[in-house]
Every structure is written in structure tokens, then in C-alpha cells.
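A.B. asks: Have a look at this prediction, sequence included:
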Amino acid sequence: MLKRVHHIGYSVHNVEEAIAEFERLFGSRILTRATTSYGKPLAFVSLADTQVEFLETSADPGMHLDHIAYEVDDAAAEVATLKAKGAETTEANPSLAGSRSARVTVLGSALQLYQALK
């Protein structure tokens, strides 16, 4: 079962530029920096009562919505339930340290199932 929105993921041309702009405009602070499995930088910043993820994947300037991530208790169980209903999903795999995630496509848009590992 989906809980609350955990984060909103944006594809950006430059992670550092996105971080600086969110710090300047909204007072966001960096929560996590990492590198994707394909060697590109990513970062999570705070924004109001949620987080924003910047993924350096876009060749275009600006920010482009990549996904909205919802917290779940068990990502693998959610994937199995959604697959049984005919949804297109990825497998639930470890992502950043301390989490597991999977993607589901709904009407052509990506939602991420985000499970914090204890």
C-alpha cells in the first residue's frame, strides 16, 4: 500500500546548479550525494516536508520530472501485487544505502516504490 510521497525526482543537466538554485530560492539543504549505477551524480535536498532528488541525466537545460516516489512497507510485495494486476514494473532492488526501490509505469509516467530498509 502506498503511503506518503517520499521524494520527487527530477532529471537535470547539472546537479550542482540545481542544488545551488534550490538553496538560493527555497533554503533547501543537501541531505545525500551519491553516484548512480551508470556513473552520474545525484543528490537529495530538503524541500518543505519532502525531499527532491536531482539526477544528472538530461542533456536539456532545466529540470524535467523523472518520477514521484511513494513510501511502501515492502517494495517486493508491492511489485508482486501490481504485476498480478497487469502493471509494468521493474524488480525491487537495493538503491541508495538503506533503501530498496522499484518503478511502476502508470499511463506512461513513472512512479517509484521506495522502501526504507531498517
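C.D. replies: Okay, I see it. Residues are numbered from 1 along each chain as shown.
A.B. asks: Could you use CA atoms for every contact and neighbour count after this?
C.D. replies: Noted.
A.B. asks: In the chain, where's the longest helix?
C.D. replies: The residue-count maximum for a helix in the chain (DSSP state H) belongs to helix 15-26.
A.B. asks: Just name whatever secondary elements that helix is in contact with.
C.D. replies: strand 41-47, strand 50-56 (3 or more C-alpha pairs under 8 Å, 6 or more residues apart in numbering; DSSP states H and E).
A.B. asks: any idea how far residue 78 is from the residue of the chain positioned farthest from its centre?
C.D. replies: Centroid-distance maximum for the chain: residue 84 at 23.8 Å, with C-alpha atoms, centre = their mean. Residue 84 sits 10 Å away from residue 78, taking C-alpha to C-alpha, to the nearest Å as the criterion.
A.B. asks: Could you do residue 47 as well?
C.D. replies: For residue 47, the distance to residue 78 - C-alpha to C-alpha - is 27 Å.
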